[in-house]
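Chemist: show me how the following folds:
(2 chains)
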Amino acid sequence: MSSPFWTAFGDWYLFNIDALLLIGTYYFLKLKKEEKANSYYWLPFLIIAFTVFYENLGAYTNYNFEFKKSVNALLGNTEFPKYNLWLYNIANKQLSTVLYLFLIKTWLEPSQKKYINWMVIVFVIVSIFLQIAGIEPLYLNQPIIFSMGANMILVGSGLYFIGLITNQYYLNTNPLKLLSFWQMTFLLFTYSLTYINSMTVIYLYEINPQLGISIVQIDRVLGILNKVTLVLIITSPLLKKVFVKEPIFGVA
Amino acid sequence: MNPSEDQIYVIIFSTLFLGGLMSTFVVAMVFIHRQRQAQNKQKLDQIKSEHEKTLLNIENEIQQDTLTHVGRELHDNIGQLLSLAKLYLGSSKPEKQQEGKETINQVISEVRALSKNLNLDWVESLTIEEFIEQQLQKIESTGFCKTTFEHSIELGELPKDQKLVLIRVIQEILNNAMKHASPEEIKVKIWKDGATRTIQIKDNGKGFDTSIESSGSGMYNLKKRMETIGGDVSITSSIGNGTLIHLLLPN
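Modeler: Coordinates of the predicted model:
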């Protein structure tokens, strides 16, 4: 039970997200053709699949130290070969943030979608600049990029909630029966609760590793809740009695 | 307590503070949503009741007009025909008695035609184009003025409430033209521009100053009535230059 493989992959978080991907895939394949082509369904599926991919790759880097060391060396990091932050930086802090911004965009009314487009453009350009300029190397903690992404997600959530209390479509529904409402709430909590500890994660691990690990669990629990909501979005055509239909504004 | 412990407490406290802030935000949003939903429902109910009130008023007005028309017909037409029939039937001459029977038959058909006007079923069987034609024919038959009617599209079957409002609005515009404008000609046109269907009513009468309007004016009523069915009205007029009215129908 204590083999390196089990140490790397035998994690409750990985088991859960792998199971959620299996459930999500099953129900995604059961969707009608036009539903599969709708970003309201394929974007959550893509986010789950992508998360499972990078989390497992992360586990693999812990299993195969040589691989992790060689990637770190390739990126110019010979000082901390144990770090796999490069993977979480690019996949979790950058690409996932962009995917979540696109997900938020599908729930916004057309007039507000342009703000998300601009946020994504600014986020991508500034992130690339900060990494190329060496201000925030890919293999170390990236507090500026994370705080920028988190702020954008929080602004996107704000736009969604403004729509929720002003848009006629949303005013005609019960928000507690809207999956978008729960997804936005969990996103809001994920990015706000992990806001400070994501920026101070290395410091926390150095000063009080036990506390650092405990605080990271918040991110994982909320991550699971996020993925559960994404699966529920995919299965929503079968849960018409529980959740109300979203006012889909399409992708612009 | 050393400085690193302090910093850890700051991190924990800040995280909890942000969590609390977000919880408050989400709960507040749900409360505001509920409040707005209630306000919205109240507003919708008000619009609905105003719409129903307007429709009821319109139905009453149409029925009142119909009753006036029926009364006039009974007095001027049917009453006369019955008096004539009485005279014919009182005669000992068989040809006069025959004429009397024919007059009675005419009375029967006139009464049948009148009875159809007594309820609003005729609104459903009549198209707006047919109604306009009937109204213009009535105007022409009185010798009041010339009329023309052109329509490049068929309005088709409209919902009863829309039809009622349109009938009343058109009737009001034509009545106003006859009462106040003394025109030589009234032109009615129906066309479609993009998705907008328009009924244009134009007269070359006296015209009026559109800047003088009050909430109780006919113009205001027309606008309000058209708005209840999701349409609109535009009025162009000036003294001595006739009146041009566009009724924009709901899509």
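Chemist: the helix or strand of chain B with the lowest mean pLDDT: what's the following helix or strand?
Modeler: For chain B, counting by mean pLDDT, DSSP states H and E, helix B:121-125 ranks last in confidence among helices and strands (a mean of 76). For helix B:121-125, the following helix or strand on the C-terminal side (DSSP states H and E) is helix B:128-141.
Chemist: close to chain B: what parts of the stretch 151-252 of chain A are there?
Modeler: Within the stretch 151-252 of chain A, the positions lying close to chain B (CB under 8 Å from any CB of the partner chain) are A:161, A:164-166, A:168, A:170-172, A:175-176, A:185, A:188-189, A:192-193, A:195-197, A:200, A:203-204, A:207-208, A:211, A:215, A:218. C-betas here are computed from N, CA, C, even on glycine.
Chemist: mind running it again at 6 Å?
Modeler: For the stretch 151-252 of chain A, the residues found near chain B under the criterion CB under 6 Å from any CB of the partner chain are A:161, A:164-165, A:171, A:175, A:185, A:188-189, A:192-193, A:195-196, A:200, A:207-208.
Chemist: from those residues, which is closest to B:G218?
Modeler: A:L171 (35.8 Å; CB to CB).
Chemist: please enumerate the strands of chain B.
Modeler: All strands of chain B, identified by DSSP state E, fall at B:146-151, B:185-193, B:196-203, B:232-237, B:243-248.
Chemist: so what strands line up beside the last one?
Modeler: The strands beside strand B:243-248 in its sheet (DSSP bridges) come out as strand B:196-203 (antiparallel), strand B:232-237 (antiparallel).
Chemist: most tightly surrounded among these?
Modeler: When those are scored by mean count of other CB atoms under 10 Å in any protein chain shown, the highest mean neighbour count falls to strand B:196-203 (a mean of 19).
Chemist: contacts for that strand next, please.
Modeler: The contact list for strand B:196-203 (CB atoms under 6 Å, 6 or more residues apart in numbering or on different chains) reads B:173, B:177, B:181, B:183, B:186-191, B:242-249.
Chemist: only the buried subset of those, as a PyMOL command please.
Modeler: Here is the PyMOL command that selects the buried residues among these (16 or more other CB atoms under 10 Å in any protein chain shown):
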select buried, chain B and resi 173+177+181+183+186+187+188+190+242+243+244+245+246+247+248+249
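Chemist: which of the residues in stretch A:35-50 are buried?
Modeler: Of the residues in stretch A:35-50, A:40-48, A:50 count as buried by neighbour count, 16+ other CB under 10 Å.
Chemist: flag the shaky bits of chain A, pLDDT-wise.
Modeler: A:1-2, A:249-252 (pLDDT under 70).
Chemist: now the residue nearest the centre of it: how far from A:L103?
Modeler: Nearest to the geometric centre of chain A sits A:S96, at 4.3 Å (CA atoms, centre = their mean). Per CB to CB, to the nearest Å, A:S96 is found 10 Å from A:L103.
Chemist: the longest helix seen in chain A packs against which elements?
Modeler: Longest helix in chain A, counting residues (DSSP state H): helix A:209-235. Counting contacts by 3 or more CB pairs under 6 Å, 6 or more residues apart in numbering or on different chains; DSSP states H and E, helix A:209-235 is packed against helix A:12-30, helix A:39-63, helix A:179-193.
Chemist: so which of these is nearest A:L238?
Modeler: helix A:12-30 (7.3 Å).
Chemist: can you list contacts of whichever helix or strand comes after the closest one?
Modeler: Going down the chain from helix A:12-30, the next helix or strand is helix A:33-36, by DSSP H and E. Residues from elsewhere that reach helix A:33-36 (CB under 6 Å, 6+ apart): A:Y41.
Chemist: most widely separated two among the residues of the stretch 151-252 of chain A next to chain B?
Modeler: A:L171 and A:I207 (48.2 Å).
Chemist: same drill for those two, tell me which one is more crowded.
Modeler: Neighbour totals were compared for A:L171 and A:I207, and A:L171 leads with 20 against 17 (other CB atoms under 10 Å in any protein chain shown).
Chemist: distance of the more buried one relative to B:I32?
Modeler: A:L171 is 11 Å from B:I32, by CB to CB.
Chemist: what of A:S214?
Modeler: Taken as CB to CB, the span from A:S214 to B:I32 is 35 Å.
Chemist: can you check A:I17 too?
Modeler: Plainly put, A:I17 is 34 Å away from B:I32 if you go by CB to CB.
Chemist: could you chop chain B up by domain?
Modeler: Domain assignment for chain B by automatic domain parsing gives B:3-117, B:125-248.
Chemist: ok, which of these comes nearest A:G156?
Modeler: For those, proximity to A:G156 was assessed by CB to CB; domain B:3-117 is nearest, at 13.8 Å.
Chemist: now stretch B:69-85, how far from the chain's geometric center?
Modeler: 31 Å (CA atoms, centre = their mean, to the nearest Å).
Chemist: just the buried positions in that stretch, please.
Modeler: Applying 16+ other CB under 10 Å to stretch B:69-85 flags B:70, B:73, B:78, B:81-82, B:84-85 as buried.
Chemist: ok, now stretch A:94-105?
Modeler: For stretch A:94-105, burial by neighbour count (16+ other CB under 10 Å) applies to A:94-105.
Chemist: next: stretch B:17-37.
Modeler: B:18-19, B:22, B:25-26, B:29-30, B:33, B:37.
Chemist: from the domains of chain B, which stretch is densest packed?
Modeler: The highest average neighbour count among the domains of chain B, using mean count of other CB under 10 Å, belongs to domain B:125-248 at a mean of 16.
Chemist: counting by contacts, list what the helix or strand that contains A:Y115 packs against.
Modeler: Per DSSP H and E: A:Y115 is located in helix A:110-132. Secondary-structure packing of helix A:110-132 (3+ CB pairs under 6 Å, 6+ apart): helix A:97-107, helix A:143-166.
Chemist: is chain B within reach of the shortest one?
Modeler: No. Against chain B, helix A:97-107 shows no contacts by CB under 6 Å from any CB, the least distance being 13.9 Å.
Chemist: now do the closest residue to chain A within the stretch 151-251 of chain B, the pLDDT please.
Modeler: In the stretch 151-251 of chain B, the residue that lies nearest chain A is B:G230 (15.0 Å; CB to the nearest CB). pLDDT recorded at B:G230 is 85.
Chemist: how about it: what's its closest non-neighbour residue?
Modeler: The shortest distance from B:G230 to any non-neighbouring residue, by CB to CB, 6 or more residues apart in numbering or on different chains, is to B:P250 (3.5 Å).
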